[in-house]
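> Got a predicted structure here, sequence first:
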2 protein chains.
Amino acid sequence: MSLRYALIALLTGRSMTGYDISKSFSRSVAHVWHAPDSQIYPELNRMERDGLLTSVEVPWGKKGTKKEYHVTDAGLADFRAWMESPLVPQRQRDPAYLKAAYFDFADPAAVREQLRQQQAYWEEQLRMLEGTRATLLDRSHPTLAARLSTLNERDAELAVRYKVYAYDGLIARARTELAWIADGFALLEELHGR
Amino acid sequence: MSLRYALIALLTGRSMTGYDISKSFSRSVAHVWHAPDSQIYPELNRMERDGLLTSVEVPWGKKGTKKEYHVTDAGLADFRAWMESPLVPQRQRDPAYLKAAYFDFADPAAVREQLRQQQAYWEEQLRMLEGTRATLLDRSHPTLAARLSTLNERDAELAVRYKVYAYDGLIARARTELAWIADGFALLEELHGR
DNA sequence: GGGAGCATGTAACGAGTTACATGATTGT
DNA sequence: ACAATCATGTAACTCGTTACATGCTCCC
């Protein structure tokens, strides 16, 4: 159900086509929420059917058209209601921790390799998060900039601060993962030598 | 697919019935992996069909019976193969961060209430994780103890250390969440006053 | 003319959730 | 006798993934 609200959240910034949204998802927003095309297009259709969005056909080239989606008042009301509804805590279900608990079943070399891959992943993740955080702070982030132009300075300040806050949380999480992976290397060395 | 390996992991400790497993899941193991009964029983059946487990009917009372599952050699081989296969990084998809990025759409009082709920959840989580970590360290954790009794001291040491390592990661994660929530309270106060 | 990228999906499947269903046993 | 808990599921549904499908446009 959150995909729906992630889409509204994005569209409050500016109106977009399904394709734009899909690109936004795989670029910056993917840090907060990931979704493939095959999930986005059908969901946009359902949301339009439910009255949360409206779309206008925009000509594209000579023959083509594309649909630009806009959030309706009902959509915004729904979004606000969700924002204020209690958050159901996420179940813990992370294969990385499951595996770590049973590393003694695997070859130490294979474990080391997996730690290296995880490390590369989280370092890349951290780099992207810090990059996006910077574009939020200096207000150059395209979707944020579009939304800020419709707000007064006080509201713009709030929007920026909360987004930076969310990214600070994601950055802290990435650093925690990296610290845990570093501990993993140290543990491997202690138990099996280098 | 990880549910399957979480089940094998548990059953390497000791043989259990579906019910025992379901209880283990909702008690300690739930920190690493959660699954409801309705997912566990069918999966056990599929795993038996696939030759990863065998079961023996154990009498229970006068009329009842229960099925005790054991990991087969094929099951153990499958588990080891999974343990050494590369880990596919989890997509980021956490409603808490999505919401936080858009807190400016919600009433500050509602935001404060949500932070309080999240705080209570993570504090409880942390308390349980630290409790379980202690029972792993002193080897009183029932499933771990059962498995240790089949191992020599060197292998027992490895099994304990890796499990503690996994819990250390989960504990660090919980602390990171709590620190982020504390920052959220501070931010709310700064932006909206107390 | 050809390749990169724009634009929009469908189909099949797997994983996970929620609600429901049923009966036996053990302890008070 | 009654409650708690042991024991094992099914059914319907939602959400997400993977693979495939199709055609246009813009720029070189």
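Looks like it arrived, so ask away.
> so where do the strands sit in chain A?
Along chain A, the segments classed as strands by DSSP state E run A:16-17, A:53-60, A:64-71.
> residue nearest the centroid of chain A?
Central residue of chain A (Cα atoms, centre = their mean): A:Val32, 1.9 Å from the mean position.
> That one reaches A:Lys163, doesn't it?
No: A:Val32 lies out of contact with A:Lys163 (Cβ atoms under 8 Å); the separation is 9.5 Å. For every residue, glycine as well, the C-beta is placed using N, CA and C.
> which neighbours do these two share?
Shared contacts of A:Val32 and A:Lys163 (Cβ atoms under 8 Å, 6 or more residues apart in numbering or on different chains): B:Ala101.
> Check the residue in chain A positioned nearest to DNA strand C and give its pLDDT.
Minimum separation of chain A from DNA strand C (Cβ to the nearest atom of the strand) falls at A:Ser38, amounting to 2.9 Å. Here the pLDDT value assigned to A:Ser38 is 95.
> and it, how many neighbours does it have?
Here the number of neighbours of A:Ser38 (other Cβ atoms under 10 Å in any protein chain shown) works out to 9.
> for it, what are its contacts?
With contacts taken as Cβ under 8 Å, 6+ apart, A:Ser38 has no neighbouring residues.
> roughly how far apart are it and chain B?
According to Cβ to the nearest Cβ, to the nearest Å, A:Ser38 and chain B sit 14 Å apart.
> next one: A:Arg116
Note on A:Arg116: its distance to chain B, by Cβ to the nearest Cβ, is 10 Å.
> what does A:Arg161 give?
6 Å.
> That residue reaches B:Leu188, doesn't it?
No: here A:Arg161 does not reach B:Leu188: they are 10.2 Å apart, not a contact under Cβ under 8 Å.
> Name the nearest residue to A:Pro86, ignoring sequence neighbours.
In space, and not counting its chain neighbours, A:Pro86 is closest to B:Gln117: 6.0 Å by Cβ to Cβ, 6 or more residues apart in numbering or on different chains.
> what about A:Ser15, neighbour count?
By other Cβ under 10 Å, 17 other residues sit near A:Ser15.
> ditto for the one 3 residues further on
Residues lying near A:Gly18 (other Cβ under 10 Å) number 20.
> mind giving me the domain ranges of chain A?
For chain A, automatic domain parsing gives the domain ranges A:2-84, A:95-192.
> Tell me which residue in chain A sits closest to DNA strand D.
A:Gly61 (2.6 Å).
> That residue and B:Asn152: what is the separation?
Plainly put, A:Gly61 is 72 Å away from B:Asn152 if you go by Cβ to Cβ, to the nearest Å.
> try A:Leu87
Relative to B:Asn152, and taking Cβ to Cβ, A:Leu87 is found at 47 Å.
> Show me which of those two is the more surrounded one.
When A:Leu87 and B:Asn152 are compared on other Cβ under 10 Å, the one with more neighbours turns out to be A:Leu87, at 18 against 8.
> Please list all residues in contact with A:Leu10.
Counted by Cβ under 8 Å, 6+ apart, A:Leu10 has contacts A:Met16, A:Ile21, A:Ser24, A:Phe25, A:Val29, A:Thr143.
> so what's the first one up against?
With contact taken as Cβ under 8 Å, 6+ apart, A:Met16 is in contact with A:Leu10, A:Ser24, A:Glu68, A:Tyr69.
> who does it bridge with?
A:Tyr69 (DSSP bridges).
> wait, A:His192 sits on A:Pro108?
Yes: at 4.3 Å, A:His192 and A:Pro108 qualify as touching, with contact defined as Cβ under 8 Å.
> what separates the nearest residue to A:Arg175 once chain neighbours are set aside from chain B, distance-wise?
In space, and not counting its chain neighbours, A:Arg175 is closest to A:Leu126: 6.8 Å by Cβ to Cβ, 6+ apart. According to Cβ to the nearest Cβ, A:Leu126 stands 12 Å off from chain B.
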